[in-house]
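K.L.:
Predicted model and sequence below, questions to follow.
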Amino acid sequence: MLKIHFSADDLLRTRVAPGADPLWELVLSVHLLGLPSHDPLTSGWRRGVTRELRQQVDRDQLRLLFALNPNRGYFPDFLTPQQSAQGPEAGLDAIRSTPVPRLRRDLSLLAAEHPLPGCAAGLARGESEVLRHLTESMEHYRTLALTPYWPRIQAAVEADRTRRARALLDGGVEGLLTSLRPHARWEAGVLEVHGYPDSRELHLDGRGLLLVPSFFCASTPVALLDPALPQVLVYPVDRLGGLVPPGDGGRAAPPAREALAALLGRTRAAVLEVADGGCTTGEVARRLGISPAAASQHTTVLRNAGLLVSQRERNRVLHTLTPLGRAVLDAA
């Protein structure tokens with residue numbers, strides 16, 4: 001279990017990342033790609049990416065990247081620098097500038113659990129050629145495995161951010177931390193992550209915590225190992241309609257014609273518009289001047305058509321747009 005201890009200052013400095021972090025998504029997608037899974041939300045992505053990697057990439061080109069990211073257990077902290085929040089280029093620049101002591105420490109920890117290729121020795125010494133090879137392989141992998149799907153990934157993360165924003169408005173930072181159930185449990189100043197691969201106590205010491213919503217994070221949230229680094233907790237989001245191969249236009253499969261036909265009408269178009277920023281069923285009813293029963297019926301139709309995603313939180317349901325719903329709204 002991971003236990004994260006908060007002080008009053010930590011609560012004041014806890015926040016949610018502004019969007020999907022490109023290097024966290026890259027690293028966690030490598031982990032997911034190597035794990036056996038029958039998850040229908042990522043199966044198309046796995047097949048498509050595996051095929052593209054076999055056809056377009058020399059195995060040696062990605063050997064170091066995959067060796068640094070085993071399916072289970074520790075992976076180096078330096079692969080996910082905080083500069084990645086500014087974009088993939090900033091993150092890759094930060095990796096190339098990683099201090100040698102950090103490289104040596106992270107790789108020593110990894111080598112204690114997993115065998116590493118010979119080129120890892122040059123990486124531990126901070127050789128610029130090896131660092132450049134690593135970041136080029138990361139960029140190449142990102143182009144194949146993430147870029148075609150990025151709008152869907154961003155949409156899922158943005159829907160989660162809307163959910164967390166509502167929790168923060170309604171319950172403050174403690175409401176935000178409580179909303180991380182079932183992935184984490186907040187109680188008496190401690191955030192507990194059950195199922196964590198090792199037992200750890202993390203004291204934030206007034207620095208606060210950055211919550212990073214992630215599409216490719218598995219069921220258990222992830223934290224950095226080095227307590228001296230700015231602390232983050234990467235947690236999984238609802239994957240909405242999942243990912244589909246780029247050949248399908250990067251969109252979810254078209255909903256049934258009956259569901260699309262049911263969308264016609266001013267009221268449902270208005271429901272779609274008010275859900276743009278996220279709203280509950282009761283708020284839909286109040287904003288449009290309709291009964292709660294009617295609001296529930298309209299949101300059900302929109303959800304069945306793939307335009308809304310609905311998430312229950314205690315005694316209410318929060319509705320947000322799916323990527324298809326946003327496309328329909330933007331085209332109106």
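P.N.:
Yep, that arrived.
K.L.:
moving C-terminal of the strand or helix carrying A90, what's the next helix or strand?
P.N.:
A90 belongs to helix 88-96 when assigned by DSSP states H and E. Sequence order places helix 100-111 as the next helix or strand after helix 88-96, per DSSP H and E.
K.L.:
Please identify the buried residues of that following helix?
P.N.:
By 16 or more other C-beta atoms under 10 Å, the buried positions in helix 100-111 come out as R102, L103, R105, D106, L107, L109, L110. No exception for glycine: its C-beta is placed from N, CA and C like everyone else's.
K.L.:
wait, which of the residues you listed is closest to G48?
P.N.:
Set against G48, the nearest of the buried residues of helix 100-111 by C-beta to C-beta is L110 (28.7 Å).
K.L.:
Can you give the contact residues for stretch 176-188?
P.N.:
With contacts defined as C-beta atoms under 8 Å, 6 or more residues apart in numbering, stretch 176-188 is touched by 6, 14, 16, 163-164, 167-168, 171, 174, 191-194, 211, 219-221, 233, 235-236, 313.
K.L.:
what's the answer for stretch 58-66, then?
P.N.:
30, 34, 53, 117, 119-120, 123, 130, 133-134, 137-138, 140-141.
K.L.:
Quick one: mean pLDDT over it.
P.N.:
Mean pLDDT, stretch 58-66: 87.
K.L.:
what's around R181, how many residues?
P.N.:
Other residues lying near R181 total 10 when counted by other C-beta atoms under 10 Å.
K.L.:
secondary structure element for it?
P.N.:
For R181, there is no helix or strand it lies in under DSSP H and E.
K.L.:
picking up where we left off before, which members of the buried residues of helix 100-111 define the maximum pairwise distance?
P.N.:
Across the buried residues of helix 100-111 (C-beta to C-beta), the longest gap, 12.5 Å, separates R102 and L110.
K.L.:
on that earlier part again, make a PyMOL selection of the buried ones in the contacts of stretch 176-188.
P.N.:
Listed next is the PyMOL selection for buried residues among those, using 16+ other C-beta under 10 Å:
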select buried, resi 6+14+16+163+164+167+168+174+191+193+211+220+221+233+235+236+313
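K.L.:
Which ones among the contacts of stretch 176-188 map onto helices?
P.N.:
Taking DSSP state H, the ones among the contacts of stretch 176-188 that sit in helices are R163, R164, A167, L168, G171, E174.
K.L.:
Report the separation between the closest residue to P70 other than its chain neighbours and L68.
P.N.:
Distances taken as C-beta to C-beta, 6 or more residues apart in numbering put H114 closest to P70, at 4.9 Å, once the chain neighbours are dropped. Separation of H114 from L68 (C-beta to C-beta, to the nearest Å): 9 Å.
K.L.:
residue contacts, the nearest residue to L191 once chain neighbours are set aside?
P.N.:
With C-beta to C-beta, 6+ apart as the criterion, L191 has its nearest non-adjacent residue at 4.3 Å, and that residue is I4. Listed by C-beta under 8 Å, 6+ apart, the contact set of I4 reads V190, L191, E192, V193, L202, L204, L209, A223, Q231, L233.
K.L.:
For I4, what is the enclosing helix or strand?
P.N.:
strand 2-5.
K.L.:
in that strand, what counts as buried?
P.N.:
Buried residues in strand 2-5, defined by neighbour count with 16+ other C-beta under 10 Å: L2, I4.
K.L.:
Kindly report the same for stretch 21-40.
P.N.:
21-33.
K.L.:
again, but for stretch 277-293
P.N.:
Result for stretch 277-293 [16+ other C-beta under 10 Å]: buried residues G278, C279, T280, T281, E283, V284, A285, L288, I290.
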